[in-house]
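[1] generate a structure from the sequence data that follows.
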Amino acid sequence: MRKPIIVGNWKMNMTVTEAKAFANELKSLDLDSSVEKGICAPAIDLYSVKEILKDTDVKVGAENMYFEESGAFTGEISPKMLNDLDIDYVILGHSERREIFKEDDELINKKVKSALDHNLIPILCVGETLEERESGKAYEKVENQIRKDLSDVEKEAMEKIVIAYEPIWAIGTGKTASAEDADDMCKFIRELIGKIYDENASEVIRIQYGGSVKPANVVELMDKENIDGGLIGGASLKPDSFEKLVNFKRR
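    Below you'll find the model as predicted:
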């Protein structure tokens with residue numbers, strides 16, 4: 001039985017002061033212990049958020065990292081730095097990193113392998129543009145991303161990796177893929193993992209949906225067979241909203 005996983009992605013939001021206030025409020029909320037939950041925060045917030053939440057079951061993740069441990073890579077964060085803060089997750093391959101910062105699959109593959117080597121849980125993001133979906137190339141796009149991003153990654157890592165299906169056209173737009181469309185793609189991803197590895201790998205890997213997930217639609221999405229969680233942007237920026245997302249099973 002795969003454990004549900006709800007993770008917030010703050011993106012470039014939350015000053016250190018705001019992040020501290022959020023984390024302190026989150027500590028006081030009654031969050032479902034049967035759901036794995038976490039916050040992926042900007043690098044500048046990680047120390048404060050981790051310190052405040054260290055005695056809770058809320059995990060903390062980074063929004064990105066470079067694959068080297070150290071060196072002349074100005075402005076980057078290394079896996080070794082994240083290990084020193086006892087960080088749990090790292091988001092890799094988010095569409096904003098791919099589209100805006102031109103990260104390609106070769107780089108993302110190096111980051112995935114480096115994260116695994118440093119006992120970080122990669123949340124690997126994949127997804128298509130609206131043009132690719134409308135032209136019937138959505139499944140081809142996602143398959144290419146997964147095959148390249150997981151190149152030379154061992155089967156045993158599948159129980160550690162989380163894949164987040166995020167159709168680019170649904171991120172921050174207010175548009176959401178229908179629950180059926182989201183489940184169909186997550187099923188496709190699960191079957192693809194089975195083809196690349198084996199049936200056991202396809203059963204253990206957790207697949208999130210991301211793209212305008214909010215308290216109003218989280219139950220419908222989480223009811224689907226192949227959707228194990230959500231990677232959530234805007235709706236994760238307020239503690240009461242995040243609480244409703246985590247507690248979807250109680251509704």
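
[2] from here on, contacts and neighbour counts on C-alpha atoms
    Noted.

[3] burial of the nearest residue to D104 once chain neighbours are set aside, as a residue count?
    In space, and not counting its chain neighbours, D104 is closest to R98: 6.3 Å by CA to CA, 6 or more residues apart in numbering. By other CA atoms under 10 Å, 16 other residues sit near R98.

[4] so what touches the strand or helix carrying R98?
    Under the criterion of DSSP states H and E, R98 resides in helix 95-99. With CA atoms under 8 Å, 6 or more residues apart in numbering as the test, helix 95-99 has contacts from E103, D104, C125, V126, G127, E166, I168.

[5] now render those as a markdown table, adding pLDDT, secondary structure and neighbour count.
    Listed next are these as a markdown table, based on pLDDT from 0 to 100; DSSP: H, G, I helix; E, B strand; the rest coil; neighbours: other CA atoms under 10 Å:
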| residue | pLDDT | secondary structure | neighbour count |
| --- | --- | --- | --- |
| E103 | 98 | coil | 16 |
| D104 | 98 | coil | 15 |
| C125 | 98 | strand | 28 |
| V126 | 98 | strand | 26 |
| G127 | 97 | coil | 27 |
| E166 | 95 | coil | 28 |
| I168 | 90 | helix | 21 |
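
[6] out of the residues you listed, who's nearest S241?
    Closest approach between those and S241, by CA to CA: E166, at 19.9 Å.

[7] ignoring the adjacent residues along the chain, who's closest to I44?
    Distances taken as CA to CA, 6+ apart place V16 nearest to I44, at 6.9 Å, with adjacent residues excluded.

[8] same check on D149?
    Closest to D149 by CA to CA, 6+ apart is N109, at 4.3 Å.

[9] next, count neighbours for that neighbour.
    24.

[10] helix, strand or coil: sort out the residue lying farthest from the centre of the chain for me.
    Distance from the C-alpha centroid of the chain peaks at A72, with 27.6 Å (CA atoms, centre = their mean). Using DSSP: H, G, I helix; E, B strand; the rest coil, the structure places A72 in coil.

[11] correct me, but E76 touches E63?
    No: under the criterion of CA atoms under 8 Å, E76 is not in contact with E63, lying 11.5 Å apart.

[12] quick revisit: distance of the residue nearest to D149 from D30?
    37 Å (CA to CA, to the nearest Å).

[13] tell me the helix or strand right after the helix or strand where C40 lies.
    If you go by DSSP H and E, C40 is part of strand 36-41. Proceeding C-terminally, strand 36-41 gives way to helix 46-53 as the next helix or strand, assigned by DSSP H and E.

[14] can you list the buried residues in that next one?
    L46, Y47, S48, V49, K50, I52, L53 (16 or more other CA atoms under 10 Å).

[15] can you list the residues you listed in a markdown table and add distance to A138?
    Formatted as a markdown table, these follow (distance: CA to CA, whole Å):
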| residue | distance to A138 |
| --- | --- |
| L46 | 34 |
| Y47 | 38 |
| S48 | 39 |
| V49 | 36 |
| K50 | 37 |
| I52 | 40 |
| L53 | 38 |
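
[16] how about the nearest residue to E25 once chain neighbours are set aside, what does it touch?
    Spatially, and ignoring its direct neighbours in sequence, E25 is nearest to P239 (6.7 Å; CA to CA, 6+ apart). Each residue near P239 by CA under 8 Å, 6+ apart is listed here: F22, E25, L26.

[17] for this protein, what spans make up the helices?
    16-27, 46-53, 79-84, 95-99, 105-117, 130-134, 138-149, 179-196, 199-204, 218-222, 239-246 (DSSP state H).

[18] packing partners for the longest one?
    Yep, that's helix 179-196 we're talking about. helix 138-149, strand 162-165, helix 199-204, strand 206-209, helix 218-222 (3 or more CA pairs under 8 Å, 6 or more residues apart in numbering; DSSP states H and E).
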